[in-house]
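> Structure of the sequence below:
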Amino acid sequence: MCLGSFLFFASFNMIIPELPDYLSSLGGSEYKGLIIALFTLTAGLSRPFSGKLTDTVGRIPIMVFGSAICLVSGLLYPVLGTIAGFFALRLFHGLSTGFKPTATSAYIADIAPPNRRGEAMGILGLFSSIGMASGPVIGSYIALYYSLNAMFYASSVLALASVIVLIGMKETLKDRESFKPRLLKIKSVDILEPRVYSSSFVLMLNVFAFGVILTVIPDLTVHLGLTNKGVFFAIFTVTSLLIRIFAGQASDRYGRVPLLIIASVIIMTSLILISLSDNLMLFYIAAGLYGVGVGISTPTTYAWTIDLSEEKHRGRALATMFIALETGIGAGALISAWIYNNNANNFPITFLMSAFMSVIALIYLFYYTIRHKRLAALKVPAIDTGKK
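As a prediction, the model looks like this:
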């Protein structure tokens, strides 16, 4: 599972740093915010389907489908050489992250013991982050010394390898159904899982920054004098790798909410430092600190979501969490592109706005803690159903 996730995340992340310049070469520089926003739009819209199919058809088929989307997309980027074709492909490519991570998280939840969920998510996140870190660096290297088309084809090769790995794995869903078109009919109850609203809301606020970073950091990197746009991504992912397993273990021991409070503070601080970056040293420090915050937040949030969910609706619960993730990233990409507006003078306000989202997450986490302490004092069950 870890190997398959590494290949999958490397596949679609390796092209991200080069896409803003690629879009500009097509004449669409003013639409940079849509690069990530459209990708996350279809990812978010597909989550109810991926959640339902994960709980019915099985974990493995849905993961294979998600990786196969990356395979096909990499082959089509060199063919669709217009602005309209590019954005249509970004919409299609977004289906990959709408399906693969949902089924992956459900699979891990199936095989990991409850008292080690945080650790398991940390291990999975470790390999996913290696893919996220190595992908942009490798992609930028291939684009710089070979061509953009070679980079797109390399993305497809990694996606194909992910499919091959997944096909050889054992299914964990016990009561499976064969795929039928009726399974694509989504009812209102299939869209969101109320039990995981708290974890999903915090995740949405904290990943807002990631949409900003994906959209604006490539330009800030060039502004500061670097040619490889993947450097920031490599630094923050390396520090994320170093902390993930320990963070997952800590959340198993000390609780999900205390770890998320720490993560929110670190993410907020890193964004403030990015807004102040006028030299490479401060830029690197901010990247490393952001990685620490993400490394704590991600496995902890995933484990918290599984804690709150019911086993029979685990796919739907994780889909809800990922809808929040895509909403946060997409909003961050759109809003930051509008604020930044290809003007270097707007870098500081863009990242300070993102830091404010983590402040809101902090406020909510403190409220959540106080509320549950009161419920405990009154001996009221503290299961979060999303209802007051």
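
> Distance from stretch 4-20 to the middle of the chain?
12 Å (CA atoms, centre = their mean, to the nearest Å).

> ok, residue 210 - how many residues close by?
Using other CB atoms under 10 Å, residue 210 has 22 neighbouring residues. To be clear about C-beta, it is placed using only N, CA and C from the backbone, and glycine gets the same treatment.

> now swap in residue 75 and tell me
For residue 75, the neighbour count with other CB under 10 Å is 14.

> Residue 149 versus the closest residue to it other than its chain neighbours, what's the distance?
Using CB to CB, 6 or more residues apart in numbering and skipping residues adjacent in sequence, the residue nearest residue 75 is residue 156, 5.2 Å away. Using CB to CB, to the nearest Å, residue 156 is found at 11 Å from residue 149.

> How about stretch 175-186, which residues are buried there?
residue 183 (16 or more other CB atoms under 10 Å).

> mean confidence score for that stretch?
For stretch 175-186, mean pLDDT is 81.

> Using CSV, write out every CA atom in that stretch.
C-alpha atoms of stretch 175-186 as CSV (Å, rounded to 0.1, in the frame of the first residue of the first chain):
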residue,chain,number,x,y,z
ASP,A,175,-19.3,-8.0,1.8
ARG,A,176,-18.6,-6.8,-1.8
GLU,A,177,-21.0,-6.1,-4.6
SER,A,178,-20.3,-6.2,-8.3
PHE,A,179,-20.3,-2.8,-9.9
LYS,A,180,-23.7,-1.8,-11.2
PRO,A,181,-24.8,1.6,-12.7
ARG,A,182,-27.3,2.0,-9.9
LEU,A,183,-24.4,2.4,-7.4
LEU,A,184,-23.7,5.7,-9.1
LYS,A,185,-27.0,7.0,-7.8
ILE,A,186,-26.2,9.2,-4.9
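
> Outside of it itself, which residues are in contact with it?
48-49, 52-53, 56-58, 61 (CB atoms under 8 Å, 6 or more residues apart in numbering).

> 7 Å instead, please
Here stretch 175-186 makes contact (CB atoms under 7 Å, 6 or more residues apart in numbering) with 48-49, 52-53, 56-58.

> so where do the helices sit in this protein?
2-13, 19-25, 33-56, 59-76, 83-111, 117-145, 148-167, 197-223, 231-254, 256-276, 280-308, 314-340, 347-377 (DSSP state H).

> what would the ones you listed look like in a markdown table with mean pLDDT?
Converted to a markdown table, the helices of the chain look like this (pLDDT from 0 to 100):
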| stretch | mean pLDDT |
| --- | --- |
| helix 2-13 | 92 |
| helix 19-25 | 85 |
| helix 33-56 | 84 |
| helix 59-76 | 94 |
| helix 83-111 | 90 |
| helix 117-145 | 85 |
| helix 148-167 | 94 |
| helix 197-223 | 90 |
| helix 231-254 | 84 |
| helix 256-276 | 94 |
| helix 280-308 | 91 |
| helix 314-340 | 86 |
| helix 347-377 | 89 |
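
> Redo those as CSV? Include distance to residue 182.
Listed next are the helices of the chain as CSV, based on distance: least, CB to CB, whole Å:
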stretch, distance to residue 182
helix 2-13, 29
helix 19-25, 37
helix 33-56, 10
helix 59-76, 16
helix 83-111, 19
helix 117-145, 32
helix 148-167, 25
helix 197-223, 27
helix 231-254, 38
helix 256-276, 36
helix 280-308, 28
helix 314-340, 17
helix 347-377, 38
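
> For residue 191, find the nearest of those.
helix 33-56 (4.5 Å; CB to CB).
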